[in-house]
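J.: sequence first, then the predicted structure:
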Amino acid sequence: MKTILDVDGLSFAYGRKQVLVNINFSVSEGESLGLLGANGAGKSTLLWCLLGLLRGEGSVRVFGERPGASACRRVGVVFQNPEDQLFMPTLAGDLTLPQLNRGIAPEQARAGAVEALGSAGLAACAGEPAMHLSLGQRKRAAIALALIQRPELLILDEPTSELDGGSVRHLVDLLRRLPVSKLITSHQLEFLAKVTSRIVVLHEGRIVAEGPAEAIVSNQELLLRCGLI
Ligand SMILES: Nc1ncnc2c1ncn2[C@@H]1O[C@H](COP(=O)(O)OP(=O)(O)OP(=O)(O)O)[C@@H](O)[C@H]1O
Ligand SMILES: [Mg+2]
């Protein structure tokens, strides 16, 4: 199976604060990998390193390239904080822009945006700015934004935080049907086990376990030791 994301010996420090230590893992084409870790374990920092937003020591390859504009065009991201991604005067504008950047005609791009917002249960909010939405609605809009970019690799940082039960169920169905490769962080063990096949556990900046999703989320000793239950 082709490797689309490869992390080899990655370490990162914010100034003198060492946050990631010798991280090694890879994601194969079509695979859905979970990244599990307590608050402050380094999950978001790791994702930022993968996207080239932070640079550490060691090697990161996304589709065989160093993280940068060309590799990242093939990656759809939902950041932990949806405000980082939704900034146009209207939600429809937020979802239209990436399609225009891909060369899609304006009319078609706008129609695509409205349709995607409808699928996310946000049709009534299409003309409003993201800041007028609830946090859960913004999260759903950010997920719709990532998907409209037709990514080959989807990176989701805590996608279910703030989502209600129905929205989580909808997201589980969607992710299970989506044939793209995925890297997903979440504190919701049940959710992570449903949408990933393998999980890597990060504890205080180090990978301390890796294995089949079901085995990891049922390993009470490991979860307790890593502050996850
Ligand atoms: N900009 C920053 N400057 C300095 N330290 C930072 C910065 N951002 C994060 N950190 C520190 O890096 C560590 C890892 O943070 P990170 O946000 O990656 O954790 P996380 O696993 O995503 O946590 P959470 O589950 O709360 O989202 C924490 O100790 C945090 O205080
Ligand atoms: Mg985080």
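T.: The structure has been received and is ready for your questions. Residues are numbered from 1 along each chain as shown. Ligands and ions are numbered 1, 2, ... in the order given.
J.: quick check: domain ranges of the protein?
T.: 1-74+152-229, 84-150 (automatic domain parsing).
J.: how about the ones you listed in CSV, adding mean neighbour count, mean pLDDT and distance to ligand 2?
T.: For glycine as for every other residue, the C-beta is placed from the backbone atoms N, C-alpha and C. As requested, the domains of the chain are arranged in CSV below (neighbours: other C-beta atoms under 10 Å; pLDDT from 0 to 100; distance: least, C-beta to the ion, whole Å):
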stretch, mean neighbour count, mean pLDDT, distance to ligand 2
domain 1-74+152-229, 17, 96, 3
domain 84-150, 18, 94, 12
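J.: list the beta-bridge partners for the closest residue to E31 other than its chain neighbours.
T.: When the adjacent residues along the chain are set aside, E31 lies closest to S181, with 5.6 Å between them (C-beta to C-beta, 6 or more residues apart in numbering). Each beta-bridge partner of S181 is listed here: L153, as defined by DSSP bridges.
J.: can you classify S11 by secondary structure?
T.: Assigned state for S11: strand (three-state reduction, DSSP: H, G, I helix; E, B strand; the rest coil).
J.: leaving out sequence neighbours, find the closest residue to it.
T.: Excluding its sequence neighbours, the residue lying closest to S11 (C-beta to C-beta, 6+ apart) is E57, at 4.7 Å.
J.: pretty sure the one you found contacts F12?
T.: Yes: the criterion here is C-beta atoms under 8 Å, and E57 meets it with F12 at 7.4 Å.
J.: spit out the residues that contact these two alike.
T.: A shared contact of E57 and F12, defined by C-beta atoms under 8 Å, 6 or more residues apart in numbering, is any residue touching both; here there are none.
J.: what comes into contact with the strand or helix carrying N24?
T.: Using DSSP states H and E, N24 sits in strand 17-28. Taking C-beta under 8 Å, 6+ apart as the criterion, the residues outside strand 17-28 that touch it are 1-13, 33, 42, 45-46, 49, 56, 58, 153, 181, 183, 200, 202, 205-207, 210.
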